[in-house]
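[1] Okay, sequence plus prediction incoming.
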Amino acid sequence: MNHLKDIFTDTHKAFALKSDSELDRALFLFELIKRESLVKIGTAFTRFFLNAHLPVEGLIRATVFDHFCGGISQKDCQPIIEKMYSKNVFTVLDFSSEGKNTEEQFDLTMLKTLSNIDFALENKAIPFVLFKPTGFGKIDLYEKVSSGEKLTNLEALQWNRIAERFDIVCQKAQKDKIPLLIDAEESWIQKAADELVEGMMIRYNKHQAVVFCKLQMYRKDRLEYLESLHQRAVQEDFKIGVKLVRGAYMEKERNRAKENGYSDPICNDKTSTDHQFNSAMSYALDHIEQISLFAGTHNEESCMLLLTLMEEKNIENNDPNIWFGQLYGMSDHISYNLSFENYNVTKYLPYGPVREVMPYLIRRAEENTSVAGQTHRELELIRKEISQRKTVQSD
């Protein structure tokens, strides 16, 4: 493992696919993102301009959208998919349209997901497809089902339709052998999503992990949930696919808990979250015959821990049951240096109309603002690579 101790410092490998102008744009964006006040002002103005239907989509597309997204269509994404694959980095494709609220829109998202499976079937650079539970149905329904409230007759029909959408997509994924990463939601609607996903695992993960749940490990209960899910899998004879992340809705979770007078579901501090994430990762590797692991992390220490655990257990770098994942536009120093060593690495690549992808982009900006150390690390490495290129050019 000594030969990998400095694996994440090689910026030449990390940014090999980025032009000088793309590096300059990345520097500008992360300089902006590290300033919380500017992010708040920028997101407020962006929402206003889009709601007022002012012509700002071109500016958004040329800056933050093109840095964090693949494009507005599958075809748009193809050049990026191919460039990343040339460096042994795979793509997780997601039609990232949020905030929909009609049955027609939910059906469209399902069809887009089915189309992504077809697209992946023809493209060896795409080993996974992703969808978000609330892309298939109303948030209010997930909340009512999670809380055990009785549904009206119409709501019961709509909930059954959500379950049908899950089943249609998971059945196709299993038939075509394209694993599905099913996204996580806020804690007060996650219980209903968990029940749907578990049902899909029981049905379609009999021989291999096709359906993957996503666990946000900043939640105090998720390690226990993983352990209980594993026990159920042993008893009912199915495989588990699990994507581990730290979490995406911390401020919203804490504010809601405070407003509604219930216990904060989020770990008290980052150290506790790190411990939960690393413990879940270790647990998955201890049961690798039953659990396929997708480690969605931008944390260098967690990545090093996973490399160490794999070496200790004599697991091959490219074992098909272990994947690393980072977001497109972030942590290239992790993704491309791991791929160079032949680990399985993916980039999450969202696509869709600029206006519809904006909730995702705003969340990215807000998350990066709240994780200051990560943004500073991005800036440090980008500056290092820019400096090295200038030195080479001047020689």
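    Alright, I've got the coordinates.
[2] Find the nearest non-adjacent residue to residue 265, please.
    In space, residue 265 comes closest to residue 187 once its chain neighbours are excluded; the distance is 4.7 Å by CB to CB, 6 or more residues apart in numbering. Where C-beta positions appear, they are placed from N, C-alpha and C, glycine not excepted.
[3] What are the boundaries of the strands in the stretch 1-150 of the chain?
    For the stretch 1-150 of the chain, applying DSSP state E, counting those that start in this stretch gives strands covering 90-95, 128-131.
[4] so can I have JSON lines of these showing mean neighbour count and distance to residue 337?
    What follows is these, written out as JSON lines (neighbours: other CB atoms under 10 Å; distance: least, CB to CB, whole Å):
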{"stretch": "strand 90-95", "mean neighbour count": "25", "distance to residue 337": "15"}
{"stretch": "strand 128-131", "mean neighbour count": "25", "distance to residue 337": "21"}
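[5] you'd agree residue 386 is in a strand?
    No. Residue 386 is assigned helix when assessed by DSSP: H, G, I helix; E, B strand; the rest coil, not a strand.
[6] Do you know the pLDDT at it?
    Residue 386 carries a pLDDT score of 95 in this model.
[7] Identify the residue spatially nearest to it, adjacent ones excluded.
    residue 23 (5.6 Å).
[8] That neighbour touches residue 387, doesn't it?
    No. Look at residue 23 against residue 387 with CB atoms under 8 Å: they stay out of range, at 10.6 Å.
[9] what about those two, which has more around it?
    Taking neighbours as other CB atoms under 10 Å, residue 23 and residue 387 compare with residue 23 leading, 17 against 11.
[10] hmm, back to that, check contacts around the residue nearest to residue 386.
    15, 382, 385, 386, 389 (CB atoms under 8 Å, 6 or more residues apart in numbering).
[11] Could you report the separation of it from residue 148?
    To residue 148, residue 23 is 51 Å away according to CB to CB, to the nearest Å.
[12] ditto for residue 82
    Distance of residue 82 to residue 148, computed by CB to CB: 48 Å.
[13] who's more crowded, the two?
    Neighbours per residue (other CB under 10 Å) separate residue 82 from residue 148, with residue 82 holding more: 12 against 8.
[14] what's the closest non-adjacent residue to the more buried one?
    Per CB to CB, 6+ apart, closest to residue 82 is residue 125, 6.9 Å.
[15] just residue 257 next, same as before
    In space, residue 257 is closest to residue 264, 4.5 Å off (CB to CB, 6+ apart).
[16] The stretch 1-150 of the chain: helices as residue ranges?
    According to DSSP state H, counting those that start in this stretch, the stretch 1-150 of the chain carries its helices in the segments 11-14, 20-33, 36-51, 57-60, 66-68, 74-85, 103-121, 139-147.
[17] roughly how far is the shortest one from the heart of the chain?
    What that stands for is helix 66-68. Distance of helix 66-68 from the chain centroid (CA atoms, centre = their mean, to the nearest Å) equals 15 Å.
[18] Go ahead and report the secondary structure state at the most centrally placed residue in the chain.
    Nearest to the mean C-alpha position of the chain, by CA atoms, centre = their mean, lies residue 348 at 5.9 Å. Put simply, residue 348 is strand when judged by three-state DSSP.
[19] Could you list which residues are in contact with it?
    Residue 348 sits in contact with 92, 94, 130, 296, 325, 326, 327, 328, where contact means CB under 8 Å, 6+ apart.
[20] what's the lowest-pLDDT member of these?
    Per-residue pLDDT puts residue 94 lowest of those, at 86.
[21] Do I have it right that that residue meets residue 350?
    Yes. Using CB under 8 Å, residue 94 is in contact with residue 350, at 4.9 Å.
[22] Chain neighbours aside, what residue packs nearest to residue 94?
    Beyond its immediate neighbours in the sequence, the residue positioned closest to residue 94 (CB to CB, 6+ apart) is residue 130, lying 4.2 Å away.
[23] Just to check, the one you found is in contact with residue 92?
    Yes. Taking CB under 8 Å as the definition, residue 130 is a contact partner of residue 92 at 5.5 Å.
[24] For the two, list the residues in contact with both.
    Residues touching both residue 130 and residue 92 by CB under 8 Å, 6+ apart: 181, 348.
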